[in-house]
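Participant: This is a predicted model, with the sequence first.
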Amino acid sequence: MRAVVCRSFDDPAATRVEDIDAPPLTDDGVRLRVHTAGVSFANLLVLTGRHQNRAEPPFTPGTEVAGVVLACGPRVTRVRPGDRVVAGVRAGGQAEEVVVPERTVYPLPDAVDFDQAVHFPTIYATAYAGLAWRARTEPGETVLVNGAAGGSGLAAIEVAKCLGARVLAVAGTDAKLDAARRHGADVLIDRRAGPVPQAVLDATGGRGADVVFDPVGGDAYRDAMRCIAPDGRLLLIGFASGEIPSVAANIALVKNVTVIGLYWGYYVGWARVPPPPGTEARVHAALATLLGWCADGRLRPETCARFPLEGFREALAMIESRAVIGRVALHPVPWAPAAAR
């Protein structure tokens with residue numbers, strides 16, 4: 001099969017598309033023909049050895065895939081060959097085939113195509129786990145979303161709206177603000193126009209945001225700590241700015257703020273410490289809810305560019321340029337949207 005293979009962290013040219021052996025099928029494994037693989041900022045970190053889930057070369061990147069089941073191991077009971085599915089995998093997704101543990105494979109509704117589907121195993125799942133499970137967002141609360149036009153930000157806007165929240169979206173270009181509006185944001189905050197904390201306080205009558213969803217870090221995190229409401233919850237999702245901020249414990253103390261870290265991989269078994277019993281069923285229920293919302297039109301994943309497998313460098317360059325709105329997709333196996341429904 002063809003796959004993107006990283007053979008060195010130090011030499012970008014050492015990552016290329018190669019012909020390699022397909023991975024062996026495990027007892028609990030599901031072999032997929034990959035029609036769409038997600039591309040993300042995390043891939044940039046993984047390919048330079050800077051991600052917390054460090055893989056030693058040679059390896060194939062990619063953690064989100066959607067496609068058709070080719071074969072199942074003897075212990076697999078939930079899916080069968082021919083099923084349309086989406087899956088999360090620790091690595092190996094940017095290839096024509098991948099073998100995924102059954103526990104992270106999720107059936108696709110007919111109304112959800114493959115490009116839409118790859119937004120869900122990590123991006124929408126993270127937004128849901130953060131806002132619903134960890135921050136316990138209530139209807140009528142105000143949610144501030146940093147980096148609102150990225151894949152994580154747009155997912156957070158839509159999930160927050162499904163939970164009944166009012167959403168304030170922060171972005172830095174007209175196109176990104178327009179994307180946040182299209183996906184349901186109630187208030188648009190242009191970070192070029194002036195101090196973000198003051199804009200948030202103005203939009204909330206001086207109270208601040210009850211919940212902050214922050215995949216950016218750096219200055220965005222510091223701004224959020226200055227405009228979070230008393231008893232607020234700040235979700236640390238990632239550090240797309242490249243800067244990991246300090247917690248600002250003095251503000252957390254004075255405002256009774258809870259700073260919450262969220263690593264989705266813990267819930268799907270990718271952490272060193274396994275999740276508690278019952279987590280797998282909880283995850284499957286969450287993905288069924290999210291994919292159902294997508295099938296009903298309540299969630300509208302946005303894919304801004306699509307590339308063949310050989311276009312992975314162009315896909316990564318687009319992400320690195322910060323020009324992406326929504327997600328970028330690779331098509332290891334070409335497909336037409338009408339054929340995936």
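Facilitator: Received, thanks. Numbers count the residues shown, from 1 in each chain.

Participant: center of this structure, which residue is that?
Facilitator: Centroid check for the chain by C-alpha atoms, centre = their mean gives residue 123 as the closest residue, at 1.9 Å.

Participant: Quick one: neighbours of residue 30, just the number.
Facilitator: 27 (other C-beta atoms under 10 Å). Bear in mind the C-beta positions are built from the backbone N, C-alpha and C, glycine included.

Participant: my read: it touches residue 69, true?
Facilitator: Yes. Residue 30 is within contact range of residue 69, at 5.8 Å (criterion: C-beta atoms under 8 Å).

Participant: Can you give me the buried ones in stretch 124-133?
Facilitator: 124-132 (16 or more other C-beta atoms under 10 Å).

Participant: picking that back up, give the contact list for the residue nearest to the centre of the chain.
Facilitator: 38, 40, 64, 151-152, 155, 301, 327 (C-beta atoms under 8 Å, 6 or more residues apart in numbering).

Participant: now the biggest strand by length in the chain, how far from the centre of its chain.
Facilitator: Ranked by residue count, the top strand of the chain under DSSP state E comes out as strand 29-39. Once both centres are worked out by C-alpha atoms, centre = their mean, to the nearest Å, strand 29-39 turns out to sit 16 Å from its chain's centre.

Participant: and for whichever helix or strand comes after that strand, what are the contacting residues?
Facilitator: Next helix or strand after strand 29-39 toward the C-terminus (DSSP states H and E): helix 41-46. Helix 41-46 is contacted from outside by 6, 51, 53-55, 61-63, 91, 150, 238, 240, 316, 319-320, using C-beta under 8 Å, 6+ apart.

Participant: before we move on, what about stretch 177-187?
Facilitator: By C-beta under 8 Å, 6+ apart, the residues outside stretch 177-187 that reach it are 145, 148-149, 153-154, 157-158, 161, 166-169, 171, 188, 190, 203, 300, 302, 325-326.

Participant: Provide the secondary structure category for the closest residue to residue 193 other than its chain neighbours.
Facilitator: The shortest distance from residue 193 to any non-neighbouring residue, by C-beta to C-beta, 6 or more residues apart in numbering, is to residue 199 (7.5 Å). What DSSP: H, G, I helix; E, B strand; the rest coil gives for residue 199 is helix.
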